[in-house]
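Trainee: need a structure here:
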Amino acid sequence: MDIKILDGGYSVQLSTHINTETDNGPLWISKFLATNPEAVYATHLDFLRAGADIIETNTYQASIPGLMNHLFITEEESINLLHKAVELAKKAVNDYIKETMGDDSVENKNPMIAGSCGPYGASLHDGSEYTGAYGKSTPRETIIEWHKPRLNALIDAGVDLFAFETIPCYQEAEAVVELLRQYPNIKAWLSFSCKKDSQNIVDGSNFQEVATRCYKKALPGQIIAIGVNCLAPKDVTPLLKNINRGTENEFIPLIAYPNSGEIYLPTKGWTKDENCVQFESLIPEWLELGVRYLGGCCRVYAENIKSIRKEVNNFKKNKAMMH
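Mentor: Predicted coordinates:
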């Protein structure tokens, strides 16, 4: 069973390298590509040392119009900054490979780089990435044209695959699949933002129906996984459990990278949820459901990625003993 370990919450790990707030401002953490590239590089390296097979570029919030507007730079400079995001990730990978050469205990010998693509709504700065409300009013072509320049820049810089993440509405998911069909050699995963304790994406549409429809509409093999990110660990299983149930359908690889399960309150920031189930204890059931890509989102540190890898290895060992 080939299971790839992803990185964790980029913002929270980045915060261990800088003396300033990471989460404020319209560009969120992508501003550090311009202001503190050393910290961006160090954060990638932390996740690689923790055992990540795939690290994501620091480009979730970095659209070309957004970089131009908020850093007051030209289109060309914005594209160069996206290239720089990939270069920093590549440098971390190359340095990690050199650092671990000859060490047979290293499991992530050939890490990959995924170009992180947050949703269109994140560029609107009106909170609509949490509701997907813009899906109804925004033409599909607008969403496609917005994603395209970032996609092109990240392809030119040489990412291995793409992470279209925290997708809040079916219209954007379908737009992304249509866009990807224009790039037959590109591989990507689609990960959705879903309602708490529900079967639905945050826009109210059924997660399983939308996700499987997108998977099947894509070019064969183009979508490497579908799934969920940035939700409480306890909400993962209810969303994923029926996708691979029954043998009449083809197996669909799943991806899950939940947050720590803490609750975000705008006035207080992150607070512990007393009913929070420990992330690691749920990993075996996710792997049984077909999760093949596993990592963390907000509030998941590099240390937690080590624990995730350990849990995955225990699961594989137990499976091998049973056979």
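Trainee: Which residue ranges of the stretch 1-150 of the chain form strands?
Mentor: 4-5, 54-56, 112-117 (DSSP state E, counting those that start in this stretch).
Trainee: Would you agree residue 68 is in contact with residue 76?
Mentor: No - the criterion here is Cβ atoms under 8 Å, and residue 68 misses it with residue 76 at 9.8 Å. (C-beta placed from N, C-alpha, C; glycine too.)
Trainee: Show me which of these two is the more surrounded one.
Mentor: Comparing residue 68 with residue 76 by other Cβ atoms under 10 Å, the one with more neighbours is residue 68, at 17 against 10.
Trainee: thinking again about what came up before, quick one: the strands of the stretch 1-150 of the chain as a markdown table, columns for distance to residue 172 and mean neighbour count too.
Mentor: Output for the strands of the stretch 1-150 of the chain, formatted as a markdown table (distance: least, Cβ to Cβ, whole Å; neighbours: other Cβ atoms under 10 Å):
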| stretch | distance to residue 172 | mean neighbour count |
| --- | --- | --- |
| strand 4-5 | 24 | 22 |
| strand 54-56 | 18 | 25 |
| strand 112-117 | 11 | 24 |
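Trainee: want to throw those strands into CSV with mean pLDDT and distance to residue 241?
Mentor: Putting those into CSV (pLDDT from 0 to 100; distance: least, Cβ to Cβ, whole Å) gives the following:
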stretch, mean pLDDT, distance to residue 241
strand 4-5, 97, 21
strand 54-56, 98, 24
strand 112-117, 98, 25
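Trainee: if I pick residue 179, what's in contact with it?
Mentor: Residue 179 is in contact with 144, 147, 148, 151, counting by Cβ atoms under 8 Å, 6 or more residues apart in numbering.
Trainee: how about 10 Å then?
Mentor: 140, 143, 144, 145, 146, 147, 148, 151, 164, 186, 188 (Cβ atoms under 10 Å, 6 or more residues apart in numbering).
Trainee: so the first one makes contact with residue 172?
Mentor: Yes - under the criterion of Cβ atoms under 10 Å, residue 140 is in contact with residue 172, at a separation of 8.7 Å.
Trainee: So for those two, which residue has more residues nearby?
Mentor: A direct count of neighbours by other Cβ under 10 Å for residue 140 and residue 172 places residue 172 higher, at 28 against 14.
Trainee: Distance check, residue 149 against residue 191.
Mentor: Computed as Cβ to Cβ, to the nearest Å, the residue 149 to residue 191 distance reads 21 Å.
Trainee: more crowded one of those two?
Mentor: residue 191 (25 against 16).
Trainee: From the contact counts, what lies against the host helix or strand of that one?
Mentor: Residue 191 belongs to strand 188-192 when assigned by DSSP states H and E. Packing contacts for strand 188-192, counted by 3 or more Cβ pairs under 10 Å, 6 or more residues apart in numbering; DSSP states H and E, involve strand 112-117, strand 161-167, helix 170-181, helix 207-217, strand 223-229, strand 254-257, strand 291-294.
Trainee: which of the ones you listed is buried the deepest?
Mentor: Sort the helices and strands packed on strand 188-192 by mean neighbour count, taking mean count of other Cβ atoms under 10 Å, and strand 254-257 sits at the top with a mean of 27.
Trainee: Now do that strand: which elements does it pack against?
Mentor: By 3+ Cβ pairs under 10 Å, 6+ apart, strand 254-257 packs against strand 161-167, strand 188-192, strand 223-229, helix 236-240, helix 279-289, strand 291-294.
Trainee: So for the fourth one, what gets flagged as buried?
Mentor: Going by neighbour count (16 or more other Cβ atoms under 10 Å), the buried part of helix 236-240 is 236, 239, 240.
Trainee: would JSON lines of these with distance to residue 132 and pLDDT be doable?
Mentor: Output for the buried residues of helix 236-240, formatted as JSON lines (distance: Cβ to Cβ, whole Å; pLDDT from 0 to 100):
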{"residue": "236", "distance to residue 132": "19", "pLDDT": "95"}
{"residue": "239", "distance to residue 132": "15", "pLDDT": "96"}
{"residue": "240", "distance to residue 132": "19", "pLDDT": "96"}
